[in-house]
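In: No letters, just coordinates:
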């Protein structure tokens with residue numbers, strides 16, 4: 001915002017242009033997040049442009065960084081996969 005304010009001040013100083021700042025509202029700038037696994041709360045941070053929402057699904061441990069064939073891909077498509085580095 002410092003750069004925008006500097007540019008605004010510089011153009012206003014010229015005295016020739018009608019200048020105004022347009023308010024920008026970003027839906028992604030304010031998000032709330034929580035993470036709970038088996039009743040244990042964890043500190044989490046949202047990613048930039050990450051939307052708000054509520055998601056609930058089982059957490060499944062997947063070995064081999066998820067690169068091995070799985071016996072039940074439908075189950076994994078309806079869960080969060082925790083990739084284990086072993």
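Out: Alright, I've got the coordinates. No experiment lies behind these values; they were computed from the predicted model shown. Residues are numbered from 1 along each chain as shown.
In: From the contact counts, what lies against the helix or strand hosting residue 36?
Out: Per DSSP states H and E: residue 36 is located in strand 35-37. Packing partners of strand 35-37 (3 or more C-beta pairs under 8 Å, 6 or more residues apart in numbering; DSSP states H and E): strand 40-42. Any C-beta I mention is one placed from the backbone N, CA and C, and that applies to glycine too.
In: packing partners for the helix or strand just after the strand it packs on?
Out: Following strand 40-42 in sequence order, the next helix or strand is strand 59-62 (DSSP H and E). In terms of contacts (3+ C-beta pairs under 8 Å, 6+ apart), strand 59-62 is packed against helix 73-77, strand 80-83.
In: follow-up on the earlier one: neighbouring strands of the strand holding residue 36 in the sheet, and parallel or not?
Out: The pairing partners recorded for strand 35-37 under DSSP bridges are strand 40-42 (antiparallel).
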